[in-house]
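1. here are the coordinates; sequence isn't available:
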Ligand SMILES: [Zn+2]
C-alpha cells in the first residue's frame, strides 16, 4: 500500500479514545479537488464549484473547514492527511451507540468517488483492495472489531448518503473488515414489529427511539440500513426481508 503524506491543518484534539472507523465517499469531481478541499484552511465557495451549491452563491462565501485522516484514490494510493491521534473533521452532526460528535472517537476515511452528484460511479478494485489493507492496519493498531466500521450514512442517516449503495460492503465483510447480516426469522405480533425494529436499530448503533411508529429518524435509519445491506431496494419500509436482515445484525 502506497501512502503519501498530504498534511491538513484541519484538526484538533480528541476527547475520547478511538473506537470507530467512518467511511465516506468524497462526492467531488476528482481526487485532487477533494484533497484540496480537505486540506484547505480557508475554503471559499468559488474554489469548489459543483452541484452541491447554487449558482447564486458568492465566490468568496466561506465554507466549513473539513478533513479526514485518510483519502483513498481510485488507483489505490492512500493519502494521510491527519494523524490518527488527532480529531479530523469529517462526520459533522452525527451519532452512534447513543453518543454524538462521532469525530471525537472516529478515524475518518474518504474514498474518492463522485457519488450521487456524479452518477454513482463504481469503486475500482484497486481502490477497495487498498482500503481493505488500510482498514486491517487501523483495526489492528487500535484493537477494533469488524463491527466498528460504519458508513457516514449510518452515523448521520437524516443528512448523508455516503459511501452510497454502490459501495461494496459485502466484499469488505468477506475480507473481515465489516459485518454482514445472517438473516434470521422473527415471530412477533404485527403491532410489535416497529418497536422491536427500533430497539434493534438502536442496539446496532442508530440514533432511533422506540416510539412504536415509523417516525422520520426511524425511516432514515431503515434507509441507511438498506443502503448498506439491501442496496437494490432502499425505501425505508420495514418489510419482512428488512426485518430478517435487522435480526441478523443484532
Ligand atoms: Zn461523508
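-> The structure has been received and is ready for your questions. All values reported here derive from a predicted model rather than from experimental measurement. Residues are numbered from 1 along each chain as shown.
2. mind listing the strands for this protein?
-> 3-5, 11-13, 20-25, 70-72, 78-80, 86-88, 95-96, 99-100, 106-111, 149-151 (DSSP state E).
3. strand partners (parallel or antiparallel) of the fourth one?
-> Going back to what we said before, that points to strand 70-72. Strands that pair with strand 70-72, judged by DSSP bridges, come out as strand 78-80 (antiparallel), strand 106-111 (parallel).
4. pull out the buried residues from that strand.
-> Using 16 or more other CB atoms under 10 Å as the test for burial, strand 70-72 gives 70, 71, 72. (Each C-beta comes from the backbone N, C-alpha and C, glycine too.)
5. on that earlier part again, closest to the ion out of the strands of the chain?
-> strand 20-25 (3.2 Å; CB to the ion).
6. contacts for that closest one, please.
-> Contact partners of strand 20-25, identified using CB atoms under 8 Å, 6 or more residues apart in numbering, comprise 68, 90-91, 96, 102, 105-115, 131, 135, 138-139, 144, 148-152, 155, 162-164, 167.
7. quick one: average confidence on it?
-> Throughout strand 20-25, pLDDT has a mean value of 98.
8. off-centre distance for that strand?
-> 4 Å (CA atoms, centre = their mean, to the nearest Å).
9. tell me the angle that strand makes with strand 106-111.
-> With axes from the mean of the first three to the mean of the last three CA atoms, to 10 degrees defining the directions, strand 20-25 sits at 20 degrees from strand 106-111.
10. strand 20-25 pairs with which strands, and in what direction?
-> strand 106-111 (parallel), strand 149-151 (parallel).
11. can the last one be found next to the ion?
-> The reference is to strand 149-151. No - judged by CB under 5 Å from the ion, strand 149-151 stays clear of the ion, getting no closer than 8.2 Å.
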